[in-house]
Each structure stands twice: as structure tokens, then as C-alpha cells.
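[1] Just to be clear, the model below is a prediction. Sequence and coordinates:
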Amino acid sequence: MHSESPVAIERQSLRVLIFLNRHRDRVVSKDDLVEAIWQGRAISYWAISGAIKAVRIALGDSDRDTRIIKSIQGYGFRFVADVISRNPERVSEPLPTVLVRAFRSSGEDAALDYLADGLTEDLIHSLSRHDALNVLSYNTTQAFGNAVPEDIYGVTHIVDGSIRESGTRTRVSAAILNGTGQKQIWAGRFDLSQESL
């Protein structure tokens, strides 16, 4: 789209466009959009598709061979057009993209399994609040399991962890790996008492 004329677009669709452009180094899932634009509220995928369609129309990207926003079947959407900044000095590096793997629990303790799942979800939500990070959604985490994500997701860091009983305490071990999961960047252990749970 080369026109310099202003284009009308509703606020929600504009937020979708900004989010897709900001995260153009990876595929954005529908769950990512729900969490970022609709704050996790229950909405239909028709609403998401409608917002994407409105963005494409505003950008003149409504032909069959989409040049700006690609639909990646079974994954989501990716902003693929080149972006020219009017303020080159403000261009920054792409944000790190983080995958938080589901924390593992030892044994067959249902309460420990529940705690591990809750810890994973809470960590994803906490990291998602940081503007300096792209964080893949909880549903995406569940879909991956222990697999290394494909390059289309642009994952640069993986958070891996486990939780187990250690006497009267609950021990949480966590590590930050590179995007391929082959190099450990950081690791730590934390002991939780019953009073802190």
C-alpha cells in the first residue's frame, strides 16, 4: 500500500495491526491475539477473523495472494510486508520471544500436578505483562509439550522447569534455554514451605 492518504479503521482492528507489526518476527496465534487485544475474554474466532479482514481491507491487502498479512493454516497470522520507519534512529531489535514449557512434577501426586500447571500459567501471565518480551500463550505451551518449536514461531528463549516434594518443602527448579533448547543460559532452585503455598 503506497497511498499517503489517511485510512479509517476501528480501534480494535488498529490494535490488532499494531500487535501483528510489533511481533512480525513470528507467527501470532489466535490465542495470542485474544490475550493481547481482548485481555483473555471469551470471544469467537469469527471476531478475530473479522478484525483481520478489516486490517487487510484498510491496507489494501484483500486480494487472494495476501502481501501484508499471511494466514498460516493451523497456526495463526504473520505480518510479512517490509516496514519502512519514518524515524530510522528509533528502529529497535526484535523483542525476545519466550516459550514457557509446562512445568513437570514428580510422582503421582495430583496436588503437585495442579500446582505445576498453575505455576506454568502464572509465569506465562506474569512475563506477558513485560513490554520487552513476546510470550507464547498457555494454549500454545500445552500444544508443544516438550517439543522444540518450529522457526516460524521465532522463539529465542525457552523456560523449562520442574516441581517436586523435598521433605516438608516443595522444590521448584527452573532454567532458561536458548531457542533450540540446546544451551542453558540460566538456572535456579527455589524452596517453598507450606506456609508460602
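    Arrived safely, thanks for sending.
[2] Strands along this structure, start to end?
    Remark: strands assigned in the chain by DSSP state E are 69-72, 76-79, 97-100, 104-105, 134-135, 157-166, 169-178, 184-192.
[3] What are the neighbouring residues in contact with the residue nearest to the spatial centre of the chain?
    Residue closest to the mean C-alpha point of the chain, counted by C-alpha atoms, centre = their mean, is Leu136 at 2.1 Å. Residues in contact with Leu136, defined by C-beta atoms under 8 Å, 6 or more residues apart in numbering, are Ser29, Asp32, Thr97, Val98, Leu99, Val100, Ile124, Pro149, Tyr153, Val155. Bear in mind the C-beta positions are built from the backbone N, C-alpha and C, glycine included.
[4] ok, the residues you listed vs Ser49, which is closest?
    Ser29 (13.4 Å; C-beta to C-beta).
[5] Show the contacting residues for Asn139.
    Contacts of Asn139 were listed using C-beta under 8 Å, 6+ apart, and they are Ser29, Asp31.
[6] What distance do you get for it to Arg56?
    25 Å (C-beta to C-beta, to the nearest Å).
[7] any idea how far Val98 lies from Ser105?
    21 Å.
[8] no wait, Arg11
    42 Å.
[9] higher neighbour count, the two?
    Between Arg11 and Ser105, Ser105 has the larger neighbour count (other C-beta atoms under 10 Å), namely 21 against 7.
[10] picking that back up, would you turn the contacts of Leu136 into JSON lines with pLDDT, distance to Tyr75 and neighbour count?
    What follows is the contacts of Leu136, written out as JSON lines (pLDDT from 0 to 100; distance: C-beta to C-beta, whole Å; neighbours: other C-beta atoms under 10 Å):
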{"residue": "Ser29", "pLDDT": "88", "distance to Tyr75": "6", "neighbour count": "20"}
{"residue": "Asp32", "pLDDT": "87", "distance to Tyr75": "10", "neighbour count": "23"}
{"residue": "Thr97", "pLDDT": "89", "distance to Tyr75": "14", "neighbour count": "20"}
{"residue": "Val98", "pLDDT": "92", "distance to Tyr75": "17", "neighbour count": "21"}
{"residue": "Leu99", "pLDDT": "93", "distance to Tyr75": "14", "neighbour count": "25"}
{"residue": "Val100", "pLDDT": "94", "distance to Tyr75": "18", "neighbour count": "27"}
{"residue": "Ile124", "pLDDT": "90", "distance to Tyr75": "18", "neighbour count": "22"}
{"residue": "Pro149", "pLDDT": "80", "distance to Tyr75": "10", "neighbour count": "21"}
{"residue": "Tyr153", "pLDDT": "77", "distance to Tyr75": "8", "neighbour count": "23"}
{"residue": "Val155", "pLDDT": "89", "distance to Tyr75": "13", "neighbour count": "23"}
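[11] Please consider this matter closed, and thank you.
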